[in-house]
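**Q** what would the 3D arrangement of this be:
(one chain, ligands or ions: 2)
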Amino acid sequence: MDEHEVLTTLKILIIGESGVGKSSLLLRFTDDTFDPEQAATIGVDFKVKTLQVDGNKAKLAIWDTAGQERFRTLTPSYYRGAQGVILVYDVTSKASFNKLEQWLNELETFSTKHDLIKMLVGNKIDNERREVSKEEGLKFARKHHMLFIEASAKTKEGVQCAFEELVEKIIQTPGLWET
Ligand code: GDP
Ligand code: MG
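**A** Ligands and ions are numbered 1, 2, ... in the order given. Purely as a prediction, here's the structure:
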């Protein structure tokens with residue numbers, strides 16, 4: 001296979017409480033910008049980006065929520081067929097961290113690929129009003145067999161890595177992305 005051939009399109013979800021910075025992380029990753037007045041996304045939408053990982057080209061369709069996560073009304077079609085998920089909390093909000101378990105339960109209920117790869121992202125590390133330590137994040141991630149990274153959509157730190165490591169792991173997992 002030509003090493004630059006696009007493998008396939010991967011479906012990646014971004015989930016987590018409202019306000020944790022899901023849309024900001026996506027915007028930082030796809031457009032390398034940050035909008036401090038990031039308005040609630042209108043309608044469930046996704047952005048497409050091609051990523052080069054380990055000599056493989058993967059086309060990502062990254063699904064963002066449209067604020068329905070506030071009422072926990074994401075539909076099964078949002079989850080269907082996803083190979084990877086980015087679960088986000090805000091390191092300055094213990095409440096957002098305490099909701100992670102509920103998000104994993106919902107994911108478990110609706111996802112159709114039960115070996116999908118999960119990445120936990122502690123966002124907003126540029127903000128000094130931290131309520132969740134890195135150790136707490138790491139511990140949760142280990143317990144639930146997730147990859148883990150701390151990030152800031154504002155300063156870019158960790159953002160590219162979060163997506164790259166997730167995609168790398170998906171590509172390394174046989175049977176997950178091949179059709
Ligand atoms: P969503 O509801 O999860 O999609 O969150 P948004 O992306 O809409 O972000 C919610 C708020 O947090 C907005 O005011 C963003 O500007 C802010 N925000 C997002 N990411 C960061 C970050 O890394 N650092 C800081 N300081 N603020 C952020
Ligand atoms: Mg949003």
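
**Q** give the rounded mean pLDDT of whichever strand or helix holds I15.
**A** For I15, the element it lies in under DSSP states H and E is strand 6-16. Strand 6-16 shows a mean pLDDT of 88 in the predicted model.

**Q** mind listing the helices for the protein?
**A** 22-31, 76-79, 94-98, 100-110, 134-143, 159-172 (DSSP state H).

**Q** between helix 22-31 and the last one, find me the angle.
**A** Using axes from the mean of the first three to the mean of the last three CA atoms, to 10 degrees, the interaxial angle of helix 159-172 with respect to helix 22-31 works out to 80 degrees.

**Q** what is helix 159-172 packed up against?
**A** The contact analysis (3 or more CB pairs under 8 Å, 6 or more residues apart in numbering; DSSP states H and E) places helix 159-172 against strand 6-16, helix 22-31, strand 45-53, strand 56-64, strand 84-90, strand 117-123, strand 147-150. Quick note: C-beta positions are derived from backbone N, CA and C, even for glycine.

**Q** sorry, back to before: tell me which of the helices of the chain sits most buried.
**A** helix 22-31 (a mean of 22; mean count of other CB atoms under 10 Å).

**Q** hey, what's the residue most central in space within the chain bridged with?
**A** In the chain, the centroid-proximal residue (CA atoms, centre = their mean) is I86; its distance is 2.0 Å. When bridges are called by DSSP bridges, I86 pairs up with I14, M119.

**Q** from ligand 1, how far off is it?
**A** To ligand 1, I86 is 11 Å away according to CB to the nearest ligand atom, to the nearest Å.

**Q** surely that residue meets V121?
**A** Yes - the pair I86 / V121 is scored as a contact, 5.7 Å apart, by CB atoms under 8 Å.

**Q** any shared contact partners between the two?
**A** Residues touching both I86 and V121 comprise 25, 162, with contact defined as CB atoms under 8 Å, 6 or more residues apart in numbering.

**Q** show me which residues of this protein are close to ligand 1?
**A** For the chain, the contact set with ligand 1 under CB under 6 Å from any ligand atom comprises 18-24, 36, 38, 123-124, 126-127, 152-154.

**Q** still on that earlier bit, could you dump the helices of the chain to TSV with distance to V48 and mean pLDDT?
**A** As requested, those are arranged in TSV below (distance: least, CB to CB, whole Å; pLDDT from 0 to 100):
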stretch	distance to V48	mean pLDDT
helix 22-31	8	93
helix 76-79	16	89
helix 94-98	27	98
helix 100-110	22	95
helix 134-143	27	98
helix 159-172	13	95
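
**Q** that's all I had, so thanks and see you.
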